[in-house]
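# Got a predicted structure plus its sequence, pasted below:
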Amino acid sequence: MNNVSSKMTLYDMLAMVIPGFLLLMLFPFCCGCIVLSKWINDIYTGVLLVLASYIIGLIYHKAVEYLYNKTEFRNSEKHIKKQSERFYDTFKKDGGKLPDEMPISTRNDYYTAYYALMKENMLNSIPILEVQVAFIRNLLPLIVLYIIAICCCGFPYCNINSCGLAISLVVIAVILLLILIEIRNKIYYLVWEGNEYLKQNNHKS
């Protein structure tokens, strides 16, 4: 079990294992019985549960990623430009010297800036933020599935008002969506910030 867990990255846990486990939990949830709780103390079943969660989560992750990539929400050029403008406004107010020609800040410019930072190992906190985006992105459809399951099957795990729980999940989903947008914009901002810092350092050397 330790060998399995040590090989898993934070991205694997947040983007695949946890969503996969939550999908597994929907089966006993909708059948009105609790079977997974009896397996927790069984180490062999625990290993199988982790592997099953990972496999299901991997398939689910790829499906969500495919649908996400088909939308304008992923690396939206409109928001990329907006965060570029926001960075240069802040940069100017802080006394920074603006480039002679302001960048157009297209999606291709953003990709160029991102991979330039990656090449120089200057992404800093961006990979952590990307893990958070993947986790929330994969969690949102699951919340919708749980809301549907609660409305159709009730909540068999404990005596909780199903209507109140469903409303709470809707509120949580909205909050998570807003957080997702904020993190995504933060990533765009940090890429432009790092790119400008990298260009100025290259001019000095």
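Now that the structure is in, tell me what you want to look at.
# Domain ranges for this protein, per the record?
1-70, 74-205 (automatic domain parsing).
# And those domains, which one averages the lowest pLDDT?
Lowest mean pLDDT within the domains of the chain: domain 1-70, a mean of 69.
# for this protein, what's the longest helix?
The residue-count maximum for a helix in the chain (DSSP state H) belongs to helix 162-204.
# now that helix, how far from the chain's geometric center?
Distance of helix 162-204 from the chain centroid (Cα atoms, centre = their mean, to the nearest Å) equals 9 Å.
# now do stretch 62-74
12 Å.
# tell me which residues in it are buried?
For stretch 62-74, the neighbour count (16 or more other Cβ atoms under 10 Å) marks Val64 as buried. Placement of C-beta: from N, CA and C, glycine included.
# What are the boundaries of the helices in this structure?
2-7, 10-12, 18-31, 43-69, 77-93, 107-119, 126-153, 162-204.
# Quick one: work out the angle between the longest one and helix 107-119.
With axes from the mean of the first three to the mean of the last three Cα atoms, to 10 degrees applied, the angle from helix 162-204 to helix 107-119 works out at 80 degrees.
# contact partners of stretch 185-203?
Applying Cβ atoms under 8 Å, 6 or more residues apart in numbering, the contact partners of stretch 185-203 are 79-80, 82-84, 86-88, 91, 96, 99, 105, 110, 113-114, 116-117, 120, 122-126, 129-130, 133.
# Report the buried residues of that stretch.
Going by neighbour count (16+ other Cβ under 10 Å), the buried part of stretch 185-203 is 185-196, 198.
# wait, which of these is closest to Val17?
Ile187 (23.1 Å; Cβ to Cβ).
# May I ask you to confirm that Tyr54 is in contact with Ala15?
No. Using Cβ atoms under 8 Å as the test, Tyr54 is too far from Ala15 to be in contact (10.4 Å).
# sorry, back to before: the longest helix of the chain vs helix 126-153, what angle?
Put simply, helix 162-204 runs at 170 degrees to helix 126-153, going by the same axes, to 10 degrees.
# what angle separates helix 162-204 from helix 77-93?
Using the same axes, to 10 degrees: helix 162-204 against helix 77-93 is 60 degrees.
# gap between the closest residue to Gln132 other than its chain neighbours and Leu58?
Ranked by Cβ to Cβ, 6 or more residues apart in numbering and with sequence neighbours excluded, the top spatial neighbour of Gln132 is Ile183, at 5.5 Å. To Leu58, Ile183 is 23 Å away according to Cβ to Cβ, to the nearest Å.
# Contacts only, for Ile61.
Actually, residue 61 is His rather than Ile. 15-16, 19, 134, 138.
# Between those, which sits nearest Cys152?
Nearest to Cys152 among the contacts of His61, with distances taken as Cβ to Cβ, is Pro19, at 20.4 Å.
# Is it correct that that closest one is in contact with Asn138?
Yes. Counting by Cβ under 8 Å, Pro19 does reach Asn138; the two are 4.5 Å apart.
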